[in-house]
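K.L.:
Need coordinates for the following:
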Amino acid sequence: MKNAISSYFDFEKLGTNAKREILAGFTTFISMCYILFVNPSVLGDAGMDKGAVFTATAISSAIGCILMGIVARYPIATAPSLGINAFFAYSVCIGMKIPWQTALAGAFVAAVIFILITIFKLREIIIDSIPQDLKYAISAGIGMFIAFIGLQDGGIIVKNSSTLVSLGSFSGKVWITIFGLVAIAILMVLRVPGAIFIGMVLATIFGIFTKLISVPTAFVSTAPSLKPTFLVALKHVGDINSFQMMVVVLTFLLVAFFDTAGTLVGLCTQAGFVKDNKIPRIGQALISDSTAMLCGTLLGTSPVGAYVESSAGIAVGGRSGLTAVTTGVLFIFGLFFSPLLAVVTTQVTAPALIIVGVLMAQNMAHIDWNKLEIAIPAFIIIATMPLTYSIADGLALGVIMYPITMVAAKRGKEVPILMYVLFFIFIGFFWVLSRG
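P.N.:
From the prediction side, this is the model:
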């Protein structure tokens, strides 16, 4: 059995062993298991049942990790993406006032399209058509949006009738957010594995000791029922019957594209898998990722994607699919810790959102700011995502501006045809919105 596992995962070729791979799997899980509590918190704001979302998050993450490990044989873990769940909850459900059931159906349709274009190998072509600078801007803009949500959830930023927002009062539960943010920041700077998760644990303990959070009555229980969300997406596919919802589906598709593609390339580069600018078994990795995305929407969570926290496991030596399989198995065990949802308040999860926003905002460094025809649409994307409280609006405004500035710079021929197509689609989107 041991030899079969070693042979299947190419331990000898990769210079690794089972012990190292399992340790790497644990490291990756510790680094990203915060999503078990953050995702229900975010999607709960959209009206979804937090218990069901918790279970859907754990199962879909496990499925994605195990598929990625066995099919693609990569040490890359998957879970519901923070960027996409923020778009789902705050842009679609709250901003557009679309019921979560319809939004979930939109995510399901996007997942089906995702699988089809992956099977027909169109995914790489479409990704390549989006200018690299805009990909960086979209990722950074989502990061700013997520951080803004974290600052709001934590009470650090509050509404203001005169200036729209202002600094909140440093009292009560806000101190949980501040403590957690400082703790995670220090741990991140010290490069401690699982810094975000550890920081959330410390913030929870701080809240309990200061009596700002009630002590949980239990720590372990059976997994919450999936009934409130299971297969709801299928029942509401008929709701995808308006131009607005079609744009929502398109945005789900585009955000998932950039999120997963960038993460996969970055992680494979870190692990040393990229040879001659090509990634071996990328087709299997994309199929695994797409299947996990589909499963997630059917179970009742926003789309699943590859997680950058996988870099923690790779950093400690994870090189094979056994790392991802180990992480997947741990997500299954995580199903039985749902009582902890009661103590993981929005003030506890807020620091995680802020720090993830920081990590995503680092992509701004890769944008060519010296060329205004690129800098202007990139800046519009980054600035308008948080300020319009909409990932879709920010993406649309940037995509509309890009062909305009490129044509003005006499570089119109460099703009991919797909960008011109998106230009007219988003112009139509805003025209429809303006007519109510």
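
K.L.:
If you count neighbours, what's buried in stretch 43-55?
P.N.:
For stretch 43-55, the neighbour count (16 or more other Cβ atoms under 10 Å) marks 43, 44, 45, 46, 48, 49, 50, 51, 52, 53, 54, 55 as buried. Using the backbone N, CA and C atoms, a C-beta is placed for each residue, glycine as well.

K.L.:
Please read the previous query as pertaining to stretch 369-385.
P.N.:
Under 16+ other Cβ under 10 Å, the buried positions of stretch 369-385 are 373-385.

K.L.:
Residue 320: neighbouring residues, count only.
P.N.:
27 (other Cβ atoms under 10 Å).

K.L.:
Ramachandran coordinates for the closest residue in space to it that isn't next to it in sequence?
P.N.:
Distance criterion Cβ to Cβ, 6 or more residues apart in numbering; nearest residue to residue 320, sequence neighbours excluded, is residue 9 at 3.9 Å. Residue 9 adopts backbone torsions of phi -90, psi 10, taken as degrees, to the nearest 10.

K.L.:
Helix or strand with the lowest mean pLDDT in this structure?
P.N.:
In the chain, the helix or strand scored least confidently by mean pLDDT, DSSP states H and E is helix 123-129, which has a mean of 65.

K.L.:
which residues sit in contact with the closest residue in space to residue 379 that isn't next to it in sequence?
P.N.:
Once flanking residues are discounted, residue 379 sits nearest to residue 137: 7.6 Å by Cβ to Cβ, 6+ apart. Contact analysis of residue 137 by Cβ atoms under 8 Å, 6 or more residues apart in numbering lists 363, 364, 367, 377, 378, 379, 381, 382, 398.

K.L.:
now with 7 Å?
P.N.:
367, 378, 381, 382, 398 (Cβ atoms under 7 Å, 6 or more residues apart in numbering).

K.L.:
again with residue 297
P.N.:
Residue 297 touches 104, 107, 108, 111, 233, 303, counting by Cβ under 7 Å, 6+ apart.

K.L.:
still on that earlier bit, just checking, which of the buried residues of stretch 43-55 belong to helices?
P.N.:
Secondary structure defined by DSSP state H assigns 43, 44, 50, 51, 52, 53, 54, 55 of the buried residues of stretch 43-55 to helices.

K.L.:
wait, which of those is closest to residue 198?
P.N.:
Of all those, residue 54 has the smallest distance to residue 198: 20.2 Å, by Cβ to Cβ.

K.L.:
Mind jotting down where the strands sit in the protein?
P.N.:
Using DSSP state E, the strands of the chain run over 78-80, 157-160, 164-167, 304-306.

K.L.:
Adding mean neighbour count, mean pLDDT and distance to residue 199, write those strands out as a markdown table.
P.N.:
Formatted as a markdown table, the strands of the chain follow (neighbours: other Cβ atoms under 10 Å; pLDDT from 0 to 100; distance: least, Cβ to Cβ, whole Å):
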| stretch | mean neighbour count | mean pLDDT | distance to residue 199 |
| --- | --- | --- | --- |
| strand 78-80 | 31 | 92 | 18 |
| strand 157-160 | 13 | 86 | 20 |
| strand 164-167 | 11 | 85 | 22 |
| strand 304-306 | 30 | 87 | 23 |
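
K.L.:
that older thread, widest-spaced pair of the ones in helices among the buried residues of stretch 43-55?
P.N.:
Longest distance between any two of those is 13.2 Å, between 44 and 55; criterion Cβ to Cβ.

K.L.:
Now the one residue sitting closest to the centre of the chain: closest residue in space, sequence neighbours ignored.
P.N.:
For the chain, the residue nearest the mean C-alpha position is residue 81 (2.0 Å; Cα atoms, centre = their mean). Excluding the flanking residues, the one nearest residue 81 by Cβ to Cβ, 6+ apart is residue 305, at 4.3 Å.

K.L.:
Would you mind measuring from the one you found to residue 421?
P.N.:
Applying Cβ to Cβ, to the nearest Å, the value for residue 305 to residue 421 is 24 Å.

K.L.:
Next: residue 415.
P.N.:
Counting by Cβ to Cβ, the separation of residue 415 from residue 421 is 11 Å.

K.L.:
With residue 50 instead?
P.N.:
Separation of residue 50 from residue 421 (Cβ to Cβ) stands at 39 Å.

K.L.:
sorry, back to before: would you mind giving the strands of the chain as CSV with distance to residue 241 added?
P.N.:
Formatted as CSV, the strands of the chain follow (distance: least, Cβ to Cβ, whole Å):
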stretch, distance to residue 241
strand 78-80, 26
strand 157-160, 34
strand 164-167, 34
strand 304-306, 26
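
K.L.:
re the thing from before, please give the number of neighbouring residues around the residue nearest to residue 320.
P.N.:
Neighbour count for residue 9, taken as other Cβ under 10 Å: 24.

K.L.:
now the one 10 residues further on
P.N.:
A count of nearby residues for residue 19, using other Cβ under 10 Å, gives 9.

K.L.:
Just give me the neighbour total for the residue lying closest to residue 428 once chain neighbours are set aside.
P.N.:
Spatially, and ignoring its direct neighbours in sequence, residue 428 is nearest to residue 243 (7.0 Å; Cβ to Cβ, 6+ apart). Residues near residue 243, counting by other Cβ under 10 Å, number 13.

K.L.:
before we move on, what about residue 289?
P.N.:
Residue 289 has 28 neighbouring residues, counting by other Cβ under 10 Å.

K.L.:
same check, this time on residue 172
P.N.:
Using other Cβ under 10 Å, residue 172 has 12 other residues around it.

K.L.:
Among the contacts of residue 137, name the ones in helices.
P.N.:
Of the contacts of residue 137, the ones assigned to helices by DSSP H are 378, 381, 382, 398.
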